[in-house]
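Undergrad: After the sequence you'll find the predicted model.
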Amino acid sequence: MNIQKLMKQAQQMQEKLQQELGELVVDASVGGGMVEVKMNGHKQLVSVVIDPEVVDPEDPGMLQDLVLAAVNEAARLVDEEMQKKMGGLTAGLPGLF
């Protein structure tokens, strides 16, 4: 196979992946829906929704833990989606994997 053609295919796949990641938005919810976050494929938070019932001035640590857990779960979901997309894209490159 022509190396230039292979490199061009790889570049096109990378551009397609970047575009798909930019369009990807995952939702993560923790605490029975008390904290919900949305994150895009570039791992930037798009929104955070906090149920007012979880806001307890006497226990800010609980809210902090819930937000942290939701953000980490969203990042894990982005990684999972990226792996799925990478697997589908690299299937088109013969002999590399």
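TA: Perfect, thanks for sending it.

Undergrad: Remind me what the longest helix along the chain packs against, helices and strands.
TA: Taking DSSP state H as the criterion, the chain has its longest helix at helix 60-90. Judged by 3 or more CB pairs under 8 Å, 6 or more residues apart in numbering; DSSP states H and E, helix 60-90 is in contact with helix 3-23, strand 25-30, strand 35-40, strand 45-50. Every residue, glycine included, has its C-beta placed from N, CA and C.

Undergrad: and it, which residues are buried?
TA: 63, 66-67, 69-71, 73-75, 78, 81-82, 85, 89 (16 or more other CB atoms under 10 Å).

Undergrad: now swap in stretch 20-36 and tell me
TA: 21, 24, 26, 28-31, 34-36.

Undergrad: who touches stretch 17-35?
TA: Residues from elsewhere that reach stretch 17-35, judged by CB atoms under 8 Å, 6 or more residues apart in numbering: 36-42, 46, 48-51, 53-54, 63, 66-67, 69-71, 73-74, 77-78, 81-82, 85-86, 89.

Undergrad: rerun at 7 Å
TA: Stretch 17-35 is touched from outside by 36-42, 46, 50-51, 53-54, 66-67, 69-70, 73-74, 77-78, 81-82, 85-86, 89, with contacts defined as CB atoms under 7 Å, 6 or more residues apart in numbering.

Undergrad: The longest helix of the chain versus strand 35-40: what angle between them?
TA: Interaxial angle of helix 60-90 relative to strand 35-40 (axes from the mean of the first three to the mean of the last three CA atoms, to 10 degrees): 30 degrees.

Undergrad: rank the helices and strands packed on helix 60-90 by pLDDT, which is bottom?
TA: Lowest mean pLDDT within the helices and strands packed on helix 60-90: helix 3-23, a mean of 84.

Undergrad: In contact with the closest residue in space to Met39 that isn't next to it in sequence, which residues are there?
TA: Using CB to CB, 6 or more residues apart in numbering and skipping the chain neighbours, the partner closest in space to Met39 is Ala74 (3.8 Å). Taking CB under 7 Å, 6+ apart as the criterion, Ala74 is in contact with 26, 28, 37, 39.

Undergrad: how much space between Lys38 and Ser29?
TA: Lys38 sits 10 Å away from Ser29 when distances are taken as CB to CB, to the nearest Å.
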